[in-house]
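Undergrad: show me the folded form of this:
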Amino acid sequence: MGKRDEWIEKYADDLKNKCGMSPDMDLLTKVTIGCGPAIYNADAQTVASGQESELETVKNNFLIKKLGLKDGPELMDAIKKVIETYGQSERNKYRAVVYYMLTKHFGKESVYG
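TA: Numbers count the residues shown, from 1 in each chain. Got it, this is the predicted structure:
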């Protein structure tokens, strides 16, 4: 099992046990691959949910650029809802898990075709 597979297993575990979701492993794998080398960097692999600038980055770089959504208040609402689902007190909110939940929330699985 490669390093990426180990991370995907960890993300799937977080989705099941912390978010109460049954992950679509194919989509989770594609979202993880889409994160690129960030998943191996301790700082980049997590979303600092307490920093407004970090949430703006998720909105602009992922929701608008990657998923092709139009900017609006519903984007930040969705990010905050996902953070809440993950657990406000959860220190490590993995970027791939947050992106996966946002992809599902907006029904944009086709982006990962």
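
Undergrad: point out where this protein drops to low pLDDT.
TA: The model of the chain has no residue with pLDDT under 70.

Undergrad: contacts only, for residue 69.
TA: The neighbourhood of residue 69, defined by CB atoms under 8 Å, 6 or more residues apart in numbering, consists of 63, 75, 106, 108. Backbone N, C-alpha and C define where each C-beta goes, glycine included.

Undergrad: neighbour-wise, which one of those residues leads?
TA: Using other CB atoms under 10 Å as the neighbour criterion, residue 63 leads those with 25 neighbours.

Undergrad: residue 103 is in contact with that one, correct?
TA: No: counting by CB atoms under 8 Å, residue 63 sits too far from residue 103 to count as a contact (9.5 Å).

Undergrad: residue contacts, residue 97?
TA: Applying CB under 8 Å, 6+ apart, the residues contacting residue 97 are 11, 14-15, 19, 86.

Undergrad: just these: which are in strands?
TA: Nothing among the contacts of residue 97 maps onto strands, per DSSP state E.

Undergrad: what is the most widely separated pair among those?
TA: 11 and 86 (11.3 Å; CB to CB).
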